[in-house]
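Undergrad: no sequence on hand, only this structure:
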């Protein structure tokens with residue numbers, strides 16, 4: 001949510017090739033602005049990078065990952081200037097970062113100028129500066145300490161598979177689905193809140209989210225605004241529901 005407008009990415013699957021879209025609607029409105037953001041290949045045709053992921057603004061640009069729909073597939077992270085989001089006009093990426101992995105969600109640190117990318121099932125976390133230079137990669141052991149991604153324990157359990165995440169100052173909010181033993185657990189949806197995520201002395205809070213009317217809240221997009229956390233758990237359709245994390249505060 002930015003300036004009383006909601007932004008969401010989606011994939012159009014009723015056409016071939018499929019299309020990655022960026023959509024915008026005013027709060028309380030129903031008239032959507034839509035942009036096709038699918039990267040093109042060397043032949044100027046729509047590429048297979050048609051899977052848009054979780055994204056965030058740095059205050060000037062929207063940083064959006066677009067990936068092949070398979071583990072360890074290619075991705076490109078595209079930065080679109082907010083000033084260029086004009087109804088009826090095509091979007092041009094201001095910056096592009098190619099990645100040899102599937103990046104499903106990115107988060108942006110405005111104060112540190114860093115971009116965090118989570119791979120498929122959060123097997124890796126990449127950290128770039130905003131010029132696209134890789135600064136750090138977190139893998140199995142570092143992620144396991146944080147309750148993310150694959151672990152090496154004897155039961156081969158996994159940590160949280162991030163579906164979306166956002167950075168607000170020095171706090172990282174990560175939402176996704178956690179592993180369960182069978183279907184006995186009332187909810188697989190979890191929110192992890194990290195203070196100083198990259199520091200060895202990071203702090204973490206974990207919240208198991210409710211499951212209203214059987215809906216897993218953390219299976220798709222998430223936003224943090226005004227001290228509250230919002231979830232968009234369903235694919236876009238004729239009507240959509242946004243759930244506000246009642247009782248979940250974004251403050252320390």
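TA: Received it, and whenever you're ready, just let me know what you need. In this text the structure is predicted, and so the values were computed from the model without any measurement.

Undergrad: tally of neighbours for the closest residue to residue 99 other than its chain neighbours?
TA: Computed as CB to CB, 6 or more residues apart in numbering, the closest residue to residue 99 that is not its neighbour in sequence is residue 75, at 4.3 Å. In short, each C-beta sits where N, CA and C put it, glycine included. For residue 75, the number of neighbouring residues by other CB atoms under 10 Å comes to 27.

Undergrad: cool, residue 133 as well?
TA: Per other CB under 10 Å, the neighbour tally for residue 133 reads 8.

Undergrad: please apply the same query to the one 4 residues further on.
TA: Residues contacting residue 137 under the criterion other CB under 10 Å number 13.

Undergrad: in the sheet, who's paired with it?
TA: Legend: beta-bridge partners of residue 137 under DSSP bridges are residue 126.

Undergrad: surely it is in contact with residue 127?
TA: Yes - using CB atoms under 8 Å, residue 137 and residue 127 qualify as a contacting pair, with a distance of 7.3 Å.

Undergrad: so what's the model's average confidence on stretch 165-183?
TA: Averaged across stretch 165-183, the pLDDT comes to 86.

Undergrad: how far out from the middle of the chain is that stretch?
TA: In this view, stretch 165-183 has its centroid 10 Å away from the chain centroid, taken as CA atoms, centre = their mean, to the nearest Å.

Undergrad: any weak-confidence spans in this protein?
TA: Residues of the chain that meet the criterion pLDDT under 70 lie in 1-3, 28, 150-157, 181-185, 236-240, 246-252.

Undergrad: on that earlier part again, residues contacting the residue nearest to residue 99?
TA: Going by CB atoms under 8 Å, 6 or more residues apart in numbering, residue 75 touches 49, 65-68, 98-99, 101-103, 117.

Undergrad: before we move on, what about residue 161?
TA: Residue 161 sits next to 121-122, 149, 176-178 when contact means CB under 8 Å, 6+ apart.

Undergrad: and the contacts of stretch 215-223?
TA: Contacts with stretch 215-223, where a contact means CB under 8 Å, 6+ apart, come from 1, 8-9, 54, 163-166, 173, 175-177, 187-191, 209-211, 229-235, 243, 245.

Undergrad: can you tell me which of those end up in strands?
TA: For the contacts of stretch 215-223, membership in strands holds for 8-9, 163-166, 173, 175-177, 189-191, 229-232, 243, 245, with DSSP state E as the criterion.

Undergrad: which of the residues you listed are buried? Put it as a PyMOL command.
TA: Only the buried members of the ones in strands among the contacts of stretch 215-223 enter the following PyMOL selection, criterion being 16 or more other CB atoms under 10 Å:
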select buried, resi 8+9+163+164+165+166+173+175+176+177+189+190+191+229+230+231+232+243+245
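
Undergrad: parallel or antiparallel, list what pairs with the host helix or strand of residue 23.
TA: Using DSSP states H and E, residue 23 sits within strand 19-26. In its sheet, strand 19-26 lies beside strand 5-12 (antiparallel), strand 33-36 (antiparallel), with partners assigned from DSSP bridges.

Undergrad: so which of those gets nearest residue 197?
TA: Smallest distance to residue 197 across these (CB to CB): 23.2 Å, for strand 5-12.

Undergrad: could I get the buried residue list for that closest one?
TA: Of the residues in strand 5-12, those buried by neighbour count under the rule 16+ other CB under 10 Å are 6-11.

Undergrad: and of these, the nearest to residue 89?
TA: residue 7 (16.2 Å).

Undergrad: pretty sure that closest one contacts residue 22?
TA: Yes - using CB under 8 Å as the test, residue 7 is close enough to residue 22 to be in contact (6.8 Å).

Undergrad: residue 5 and residue 26, how far apart?
TA: Using CB to CB, to the nearest Å, we find residue 5 at a distance of 5 Å from residue 26.

Undergrad: actually residue 174, sorry about that
TA: In this structure, residue 174 and residue 26 are 28 Å apart, going by CB to CB.

Undergrad: these two: who's more crowded?
TA: residue 174 (31 against 13).
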